[in-house]
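Novice: mind looking at a prediction? Sequence and model below.
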Amino acid sequence: MRRTASSGPVEEDSSIDITPMLDVVFILLIFFIVTATFIKEPGLKVERPSAVTAELKPSASILIAIGPDGSVWIDRKKKDIRDVRATIERLFADNPKGSVVIQADRLAKNSVLIEVMDAAREANVKEIAVSAERP
């Protein structure tokens with residue numbers, strides 16, 4: 001409390017300015033949104049075959065699903081086999097260090113799997129993996 005010469009005690013305005021703290025929180029929020037890795041799903045539930053030698057792959061930028069009927073799904077959209085290469089090229093251009101993981105159903109034909117793998121190789125993707133379940 002302060003005293004003035006002409007009057008009694010005067011109370012000071014003591015409030016905390018939280019504007020700088022809100023600025024920092026807002027900047028952190030933007031940072032986490034921009035750097036977040038979002039989970040990509042192919043768009044089709046696949047019953048993968050089991051393999052004893054299956055290894056865990058930490059991340060994949062392009063997930064491709066092959067259904068039991070031979071349908072190919074990328075980014076939750078059904079794709080014609082002729083459009084797979086162009087789609088992989090577009091997705092790979094967004095993340096050149098990425099890899100392709102193919103989730104083929106256990107009832108899918110090998111010919112469709114080979115066509116998808118060829119399309120990925122033609123799109124200059126070096127890392128291609130086929131997904132399997134551990135027994």
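Specialist: That came through, no problem. Numbers count the residues shown, from 1 in each chain.

Novice: would you mind finding the longest helix in the protein?
Specialist: helix 19-35 (DSSP state H).

Novice: buried residues in that helix?
Specialist: By 16 or more other CB atoms under 10 Å, helix 19-35 has no buried positions at all. The C-beta positions use only the backbone N, C-alpha and C, and glycine is treated the same way.

Novice: and if you look at stretch 110-121?
Specialist: Here stretch 110-121 shows 112, 113, 115, 116, 117, 119, 120 as buried, counting by 16+ other CB under 10 Å.

Novice: rewinding a little: now what about the helix or strand that the longest helix of the chain is followed by, what contacts it?
Specialist: Per DSSP states H and E, the first helix or strand lying C-terminal to helix 19-35 is strand 62-66. With CB atoms under 8 Å, 6 or more residues apart in numbering as the test, strand 62-66 has contacts from 40-44, 46, 72-74, 84, 88, 91-92, 98-105, 108, 112-113, 116, 120, 125.

Novice: strand partners (parallel or antiparallel) of strand 62-66?
Specialist: Strand 62-66 pairs in its sheet with strand 72-74 (antiparallel), strand 100-104 (parallel), by DSSP bridges.

Novice: ok, then the element right after the last one?
Specialist: Right, strand 100-104. Next element after strand 100-104 (DSSP H and E): helix 110-122.

Novice: could you check the angle strand 100-104 makes with that following helix?
Specialist: Orientation check (axes from the mean of the first three to the mean of the last three CA atoms, to 10 degrees): helix 110-122 against strand 100-104 gives 170 degrees.

Novice: what packs against helix 110-122?
Specialist: When contacts are defined as 3 or more CB pairs under 8 Å, 6 or more residues apart in numbering; DSSP states H and E, helix 110-122 packs onto strand 62-66, helix 84-94, strand 100-104, strand 128-130.
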